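Chemist: This is a predicted model, with the sequence first.
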Amino acid sequence: MNITNSLVNSNTIAPRNSSEHVQIESDNWIEKVSRPRLVEPFEFTSNNKIGKMVTSHSMAKLEDEIALQNKLLSNMKNSQKDYEEIMLNIETNMDVISNTLLHLRNQLIDSHYQINVLTEENTC
């Protein structure tokens, strides 16, 4: 009878232990899921490095864009200076041409007058 009692007791104890075991595992799982996950130091460092790489890449792209914009702005300023110099040269040349044309016109008027005077002298 002792053997039977011990078997019965062991059978009733075993299921209770296994259900307690299941309950403990369930509680452990719920606790793991519900508490915030801590980032491992290596993982944090790795994520931090990746973030810095992305940030530095973005910064490098922005710096390149700014450098390109500055170069284009410098080229535009140089082009503007060249344009202004060319326009000044054209204006100066136009003044010279205008003065030359005015001088030639006056010479033509004088020549025409002299021709008229000589023609009148010859006809008389």
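Modeler: Right, received. Where do you want to start?
Chemist: pull the helix or strand with minimum mean pLDDT from this protein.
Modeler: Lowest on mean pLDDT, DSSP states H and E among the helices and strands of the chain sits helix 2-34, with a mean of 57.
Chemist: Now do the domain split for this protein, please.
Modeler: Here the domain parsing of the chain from automatic domain parsing is 40-73, 84-124.
Chemist: now the shortest one: mean pLDDT?
Modeler: Per-residue pLDDT values over domain 40-73 give a mean of 78.
Chemist: The longest one now?
Modeler: Computed over domain 84-124, the mean pLDDT rounds to 94.
Chemist: From here on, call the first residue 40.
Modeler: Got it, the first residue is 40 from now on, which makes the last one we talked about domain 123-163.
Chemist: need the longest helix for this structure.
Modeler: The residue-count maximum for a helix in the chain (DSSP state H) belongs to helix 80-162.
Chemist: And the contacts of stretch 124-138?
Modeler: The contact list for stretch 124-138 (Cβ atoms under 8 Å, 6 or more residues apart in numbering) is empty. (Glycine included, C-beta is placed from N, CA and C.)
Chemist: Can you show me the CA trace of it as CSV?
Modeler: Only the C-alpha atoms of stretch 124-138 are listed here, as CSV (Å, rounded to 0.1, in the frame of the first residue of the first chain):
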residue,chain,number,x,y,z
GLU,A,124,34.2,94.3,-69.2
ILE,A,125,33.0,93.3,-72.6
MET,A,126,30.1,95.7,-72.5
LEU,A,127,32.4,98.5,-71.4
ASN,A,128,34.7,97.7,-74.3
ILE,A,129,31.8,97.7,-76.7
GLU,A,130,30.6,101.1,-75.3
THR,A,131,34.0,102.6,-75.7
ASN,A,132,34.3,101.2,-79.2
MET,A,133,30.9,102.6,-80.1
ASP,A,134,32.0,106.0,-78.9
VAL,A,135,35.1,105.8,-81.0
ILE,A,136,33.1,104.7,-84.0
SER,A,137,30.5,107.4,-83.4
ASN,A,138,33.2,110.1,-83.3
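Chemist: Perfect, that will be all.
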